[in-house]
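S.K.: Got a sequence here, can you build the structure:
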Amino acid sequence: MLLAWLLTFTLMTGSGPMDSALQATEAPKTLRAAFTVKLESSNATRLYRFDPRKQGAERWTVLDWSGEDEELEAVAAEWAAEAAPDGRLFPDDLRASLGPQVVVDDKGAAWKLSFHHRPSTNDTEYDIWAAERLTATAWLDPVVERFLRIDYSLHHPVAGPEGGTLTRYDQSYFIRTEPRWGMSYVSGFSIDLEARAAFRTIQRRYSANIVSAEFFFASDEAQREFESAHLQLP
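M.R.: Residues are numbered from 1 along each chain as shown. Sure, this is the predicted structure:
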C-alpha cells in the first residue's frame, strides 16, 4: 500500500516535465504542416494529401480510395473544408483541457495522468457535454518530457445529448514529436462509439493515421523568430 501511495501523486501542470511537455504542444500559429493521412473504417479506406502551399483544389487531394462509407467521406469533407486542416495536428489547447493539476500514476516507463477535461475555446457543445461524463487519461514520458497519447473513455451507459443512450465511447489521440524543432503533434486518432435510440443502434468506428508529415514555417522570418526564442544557440 505504501509503495502504491509513493508512486501516485498530484502534479501541477505548470511545473516539471509536465510544463515542458505542454510547451511542446503549443506550436506557434506560423508553424504549418503538409501531411498524408489514411482514414479507415471497417468498410472503406481513404488516403488524402494536404499541402497548405498549394492553391485551390490542389491543397487537399485524394491519393487512394477503396470501399464505400458515406460517414468516412463526410469526415474527410469536413476536414478538407477547414481553413487550415493542418491545425488538427497541433494540440494547442491541451494545457487548458488538463486544468491546473493532475493525478499522476508512475508506471515506470511512462506516467499515467488522470484528469477531468476542462472545456476550451475550441470545444463544441458536444465536447462540453462529453467532458462531464468521460474519463480522461494522458500518457507522458517523463524522461524526454513529451506526451504519448490522450484517451477518453465512457465507463457506463449514459443518456445522450439529443436523446437515446450512449452505450460505448472510446477515443484516443496518439502524439509524436517532430525531430527538427521538437514540437509535439497528433500523429493519429481513433474513435469507437455506440448509441441506441428509437429501436436502432448507431455505431461509429474509424481511425486516422498520419502516414507522413512535413513541418515548416509560414516564412523565413517566422522561423528565425521561433528559433531565436526557443533554441539555445552555441
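S.K.: hey, let's count contacts and neighbours off CA atoms from now on
M.R.: Fine.
S.K.: can you give me the helices in this protein?
M.R.: Assigned by DSSP state H, the helices in the chain fall at 2-6, 16-25, 70-80, 94-98, 125-131, 220-230.
S.K.: Quick one, which of those helices gets closest to Val37.
M.R.: Between Val37 and the helices of the chain, the shortest separation by Cα to Cα is 9.9 Å, and it involves helix 70-80.
S.K.: coming back round to it: looking at the helices of the chain, which is nearest to Ser212?
M.R.: For Ser212, the closest of these is helix 70-80, at 17.0 Å, according to Cα to Cα.
S.K.: re earlier: put together JSON lines for the helices of the chain, with mean neighbour count, mean pLDDT and distance to Tyr169 on each row.
M.R.: Listed next are those as JSON lines, based on neighbours: other Cα atoms under 10 Å; pLDDT from 0 to 100; distance: least, Cα to Cα, whole Å:
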{"stretch": "helix 2-6", "mean neighbour count": "8", "mean pLDDT": "44", "distance to Tyr169": "29"}
{"stretch": "helix 16-25", "mean neighbour count": "20", "mean pLDDT": "93", "distance to Tyr169": "25"}
{"stretch": "helix 70-80", "mean neighbour count": "14", "mean pLDDT": "94", "distance to Tyr169": "17"}
{"stretch": "helix 94-98", "mean neighbour count": "19", "mean pLDDT": "89", "distance to Tyr169": "19"}
{"stretch": "helix 125-131", "mean neighbour count": "14", "mean pLDDT": "76", "distance to Tyr169": "10"}
{"stretch": "helix 220-230", "mean neighbour count": "12", "mean pLDDT": "92", "distance to Tyr169": "38"}
